[in-house]
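*Asks:* Okay, sequence plus prediction incoming.
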Amino acid sequence: MSLEISSKVIEPIRQTYDQVARHIGEGKPASRYQEATIGLQPTTNFHYRPLWDPEHEVYDESRTAIVMKNWYDFKDPRQFYYGTYTIARAKQQEVAESNYAFVEKRDLLESISHEVRQKVRDYLVPLRHVEWGANMNNCAITDFGYGTAITQVTMFNTIDRLGLAQYISRIGLMVDGNETTSLESAKEAWLNNELWQGLRHAVEDTFVLDDWFEIMVAQNIVMDGLIYPLMFERFIDELSHEGGATFAMLTEFMTDWYAETIRWTNALIKVTASESDANIKLLSEWTIKWSDRLTEALMPIGKAAFAGDGDVAVNEVKQQLLERLSKQGLDL
Amino acid sequence: MADNVFLILQDNEDARPIIEAIEQDNQDATIDYQPGMVRIECPGRLVVNRDSVTEFRGQDWDPMELQLNLVSLSGNIDEDDDYFALSWSS
Amino acid sequence: MAVKKKLNMRKRYEVLTRGMGWDTTYQPMDKVFPYDKFEGIKIKDWSGWEDPFRLTVDSYWKYQAEKEKKLYAIIDSFAQNNGHLNVSDGRYVNALKLFIQGVTPLEYGAHRHYAHLGRHFRGEGTRVACQMQSIDELRHCQTQLHTLSHYNKHFNGMHDPFHMFDRVWYLSVPKSYFEDAMTAGPFEFITSISFSFEYVLTNLLFVPFMSGAAYNGDMATVTFGFSAQSDEARHMTLGLEIIKFMVEQHEDNLPIIQGYIDKHFWRAYRVLALIAMMQDYMLPNSPMSWNEAWQIYYVENMGALFNDLSRYGLRMPKYSDVATAEAEHLSHQTWSDFYNFTHAASFHTWMPDDRKMDWLSEKYPNTFDKHYRPRFEQWREMEKAGERHYFKGLPQLCQTCQIPMFFTEVMSDPMKISRRVSMYKGDRYHTCSDGCKDIFENEPEKFIQAWLPVHQIFQGNCGGADLSDVLKYYHLNEGEDNMEYVGSPDHKRWQEWKGEDKQDETATG
């Protein structure tokens, strides 16, 4: 059958799906991010109560104390849906891969002092377990959260955290010529060394929180907001001053990832807080509770990792975090 | 006779060296072209070897790349650095 | 420094996946993982889990990004070139409507619930595998929305798929199946979706359908379908590995798993009635009939699978023989039903033309001419006489699968409607088959909760008592989304695009 379409203009009868149009306004073209996000989650007429939690529906707003009129008011500033997410990460991993290959090929870790390498084994490699915990927590939010605008981001975050744990593990392997000794000693430290027990205790406590938004605050806002600036920025800077700049290259993925992700968490807090005073109160309480707890947990690690001024560093990152969150509308 | 395992690949340029390697390395494999896809069946076991695909393609091929063109399969999977295999144990 | 060790793929994957988790001590493990014991599945050693595809996250990003780039290049060019004009016939698009209403939301449900498993299984390797599947399923949902977005701009019926999924009568079939699995324990869910659905039946959903899309000139759908299938191959493997893992862990697991396989084979199979109809009737050109696909992908391939699994003591799902006997009837009976109820459906139906009737006669030599062709020819005559009929009134639904009671006694009397009745706490519950009756009676407390669309209409929970009220509740635009294809707005637009003679209304298809 031949087509004679070249001279015809084919007018669309609608611009996008109705669930998107209801949100952005009728007659407007929608972005791929919007079509991939808005209104995907079922909201009503659930058939059966979960055998494993009969108190709740399959998807249930009451799994958090945070109240939103519209759970699609959240917007990821990066506009990540699966395609844009994987393509962005593929680019970053390509850079990371060439960094790692370069370091290995040139044996760059060889020229770094034993002391600096030992610091990496002692204070950086155990963070793979923190990332693993972050993976579990983000997966929990993806499970129990409400609305795709949040749960798809935590899904991407779940995989990111596994990827980050794997990059940290690779640093551990590289430090020991592909032997797993530093991974084993890091796990031993994570499980038994007094230095890490406050943090592990806190991480384990986040695993059993009932309210997924509290997990969000404890993990993605507070814990990350303390550990990334402390360990991947300040600690790595310190290593660089001691001749370990190669580790800055190997943790570039982490610092880039954090700088990018913080744009989302800021937006998330801002939107949630601007919804109601009740939300501000909850978010602020959770922030204070977890920032106090985690600052205390990080103090021994900070003191051991930084020469002399570890407590100052920990307190400074805490202050910066609280100031940043105050700007998003929290009452701290 | 052993039950068939199968592998279905998209019918595109990337799949050609894989199919050629399968034909070479699996004497009992049958290859059936259907709209948009190629269905390869073989009694008992079917293997895709890294070296063979690399040779037909002229560039190194990692068995993990198989999944770029995979449509479906059946059989127990065994994958390593050098090959990807499907088999029934019975 | 010593010569650097090279890690092979297996070892590398193990190091980068296992050993990152730990047995919690500040919180009891049973509180951290509260859901993986109540089903009675006994796992002695989670590390016995074998990862079939050893994808680290960096490789995952790399390969998936490559797939996405290829797919979106095609989606873009499809839209720019108005690729919808190249499909074999406007009728074809109705298969896509059913797909986005009934399948795309399932991808979403799978995404969310694999995240549940990805958090709550105790084993590290199993969790990671579930997380990968969770994000893949999100991919499938989104790529389907993006691919079909262009069709939605030019055809009716697919404008509000998620709203409809939660409400429309025939969509409660896939919805209730998935929610049945999601509300069960994690081992039942993974047996249901990874094994019974993905491994045993998904080939029947995707392979002939996507091959059918290729056959009908729909390159965008072929591309998203095959691109999704490349992930499905990983998911199917998860399904097989998890079954082997569970039965290897403890002998007590075998009867539980066999029960899950039986139940969810039948639940998932019932959903595929919609697919059988798509394949045989909605595709203007069908590369393969439902019955042929059933013989290859179920009878032959699953026969091989269960031969392999017999060493663990597993057998073919119960009522496989009924499903195989139904294969010669399923699509005809389902299409008949939707033809009668298409005034309440968000897609069009029509009677097959002579060419299609002949194809059906050829593909279904035992049943089509004997039972269905005369009926369809009569309906076609009625259409020509201006008496296209719709069934007034509401059908009775099966309490388990929620499909109207139109299946028949295929093993004994194929023209007799199959009905089963169960009593529970003094009430009667109707089911369509022995398979659905067994499922109901094994878990009556669960299945009496079912949100049955027809009951809900009678109870006034769907906008009102009139069909118009109900259609409004569905967000179904009367006279646009529903009714006969011939003469529909979609049909008229198609004819305008193609410059077809409006008098010759029944010539295509």
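*Replies:* Thanks, I have it.
*Asks:* three-state assignment of the residue nearest to residue A:164 when sequence neighbours are not counted?
*Replies:* Nearest non-adjacent residue to residue A:164, counting by C-beta to C-beta, 6 or more residues apart in numbering or on different chains: residue A:131, 4.7 Å away. Bear in mind the C-beta positions are built from the backbone N, C-alpha and C, glycine included. Here residue A:131 is helix, with the state taken from DSSP: H, G, I helix; E, B strand; the rest coil.
*Asks:* For residue A:190, see how far away residue A:131 is.
*Replies:* Applying C-beta to C-beta, to the nearest Å, the value for residue A:131 to residue A:190 is 12 Å.
*Asks:* isn't residue C:303 right up against residue B:74?
*Replies:* No. The pair residue C:303 / residue B:74 is not scored as a contact, 10.7 Å apart, by C-beta atoms under 8 Å.
*Asks:* ok, back up a step: residues near the residue nearest to residue A:164, how many?
*Replies:* Applying other C-beta atoms under 10 Å in any protein chain shown, we find 23 residues neighbouring residue A:131.
*Asks:* Quick check: phi and psi on residue C:413?
*Replies:* Main-chain torsions, residue C:413, degrees, to the nearest 10: phi -140, psi 90.
*Asks:* For chain B, what lies in contact range of chain C?
*Replies:* Remark: the part of chain B in contact with chain C comprises B:3-6, B:8, B:10, B:34-37, B:64-65, B:67-74, B:76-77, B:79-81, B:88-90, using C-beta under 8 Å from any C-beta of the partner chain.
*Asks:* who has more neighbours, residue C:303 and residue B:74?
*Replies:* Ranked by neighbour count (other C-beta under 10 Å), residue C:303 and residue B:74 place residue B:74 first, with 27 against 14.
*Asks:* Quick check: bridge partners of the more buried one?
*Replies:* residue B:6 (DSSP bridges).
*Asks:* what about the helices in chain B?
*Replies:* For chain B, the helices defined by DSSP state H cover B:15-25, B:50-57.
*Asks:* can I get those helices in CSV with mean pLDDT, mean neighbour count and distance to residue A:202?
*Replies:* Shown next, in CSV, are those (pLDDT from 0 to 100; neighbours: other C-beta atoms under 10 Å in any protein chain shown; distance: least, C-beta to C-beta, whole Å):
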stretch, mean pLDDT, mean neighbour count, distance to residue A:202
helix B:15-25, 96, 19, 49
helix B:50-57, 96, 18, 46
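*Asks:* Out of the ones you listed, flag the one nearest residue C:348.
*Replies:* With C-beta to C-beta as the criterion, residue C:348 lies closest to helix B:15-25 of the helices of chain B, at 36.3 Å.
*Asks:* just checking, what packs against that closest one?
*Replies:* Packing partners of helix B:15-25 (3 or more C-beta pairs under 8 Å, 6 or more residues apart in numbering or on different chains; DSSP states H and E): strand B:4-10, strand B:30-34, strand B:37-43, strand B:45-49, helix B:50-57.
*Asks:* roughly how far out does that helix sit from the chain middle?
*Replies:* A distance of 7 Å separates the centroid of the chain from that of helix B:15-25, by C-alpha atoms, centre = their mean, to the nearest Å.
*Asks:* got it, and stretch C:262-281?
*Replies:* 7 Å.
*Asks:* Report the buried residues of it.
*Replies:* Using 16 or more other C-beta atoms under 10 Å in any protein chain shown as the test for burial, stretch C:262-281 gives C:262-281.
*Asks:* so does it get close to chain B?
*Replies:* No. Remark: stretch C:262-281 sits outside contact range of chain B, by C-beta under 8 Å from any C-beta, the gap being at least 13.1 Å.
*Asks:* check whether that stretch contacts chain A.
*Replies:* No. Stretch C:262-281 lies out of reach of chain A by C-beta under 8 Å from any C-beta, never closer than 11.9 Å.
*Asks:* Straight-line length of that stretch, end to end?
*Replies:* 29 Å (C-alpha to C-alpha, to the nearest Å).
*Asks:* continuing past the helix or strand hosting residue A:279, what's the next helix or strand?
*Replies:* Per DSSP states H and E: residue A:279 is located in helix A:277-305. Where DSSP H and E defines the elements, the next helix or strand beyond helix A:277-305 is helix A:310-327.
*Asks:* Let me see the residues that make contact with that following helix.
*Replies:* A:221-222, A:225-226, A:229-230, A:234, A:266, A:269, A:287, A:291, A:295, A:298-299, A:301-304, A:306, A:332 (C-beta atoms under 8 Å, 6 or more residues apart in numbering or on different chains).
*Asks:* can you pull the buried residues of that helix?
*Replies:* A:310, A:313, A:314, A:317, A:318, A:321, A:322, A:324, A:325.
*Asks:* Adding pLDDT, write these out as a markdown table.
*Replies:* Shown next, in a markdown table, are these (pLDDT from 0 to 100):
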| residue | pLDDT |
| --- | --- |
| A:310 | 93 |
| A:313 | 97 |
| A:314 | 98 |
| A:317 | 98 |
| A:318 | 98 |
| A:321 | 98 |
| A:322 | 98 |
| A:324 | 98 |
| A:325 | 98 |
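*Asks:* Which one of those is nearest to residue A:241?
*Replies:* For the buried residues of helix A:310-327, the closest approach to residue A:241 (C-beta to C-beta) belongs to residue A:313, at 13.6 Å.
*Asks:* Tell me if residue C:108 really is in a strand.
*Replies:* No. Going by three-state DSSP, the assignment for residue C:108 is helix, not a strand.
*Asks:* So is the helix or strand containing residue C:130 next to chain B?
*Replies:* Here residue C:130 is covered by helix C:124-154, with elements defined by DSSP H and E. No. Applying C-beta under 8 Å from any C-beta, one finds helix C:124-154 out of contact with chain B, separated by at least 11.1 Å.
*Asks:* which SS state does residue C:400 fall under?
*Replies:* Going by three-state DSSP: residue C:400 is coil.
*Asks:* and the closest residue to chain A within chain B, what does it touch?
*Replies:* For chain B, the residue closest to chain A is residue B:68, as judged by C-beta to the nearest C-beta, at 13.1 Å. By C-beta under 8 Å, 6+ apart, the residues touching residue B:68 are B:14, C:63, C:66, C:67, C:230.
*Asks:* One more: residue C:88?
*Replies:* Shown in contact with residue C:88 (C-beta under 8 Å, 6+ apart): C:215, C:216, C:217, C:284, C:285.
*Asks:* which of the residues you listed are buried?
*Replies:* Buried by 16+ other C-beta under 10 Å: C:215, C:216, C:217, C:284, out of the contacts of residue C:88.
*Asks:* In this structure the last one contacts residue C:94, no?
*Replies:* No. The pair residue C:284 and residue C:94 fails to qualify as a contact (C-beta under 8 Å) at a distance of 10.1 Å.
*Asks:* Could you list the contact residues of chain A toward chain B?
*Replies:* Near chain B, when you scan chain A using C-beta under 8 Å from any C-beta, you find nothing.
*Asks:* how many neighbours does the residue of the stretch 301-450 of chain C found nearest chain B have?
*Replies:* Chain B sits closest to residue C:304 of the stretch 301-450 of chain C, with a gap of 3.4 Å, by C-beta to the nearest C-beta. Look at residue C:304: counted by other C-beta under 10 Å, it has 20 neighbours.
*Asks:* now it, nearest residue through space, not along the chain?
*Replies:* Closest to residue C:304 by C-beta to C-beta, 6+ apart is residue B:3, at 3.4 Å.
*Asks:* Equivalent analysis for residue C:216, please.
*Replies:* Nearest to residue C:216 is residue C:88, by C-beta to C-beta, 6+ apart, at 4.2 Å.
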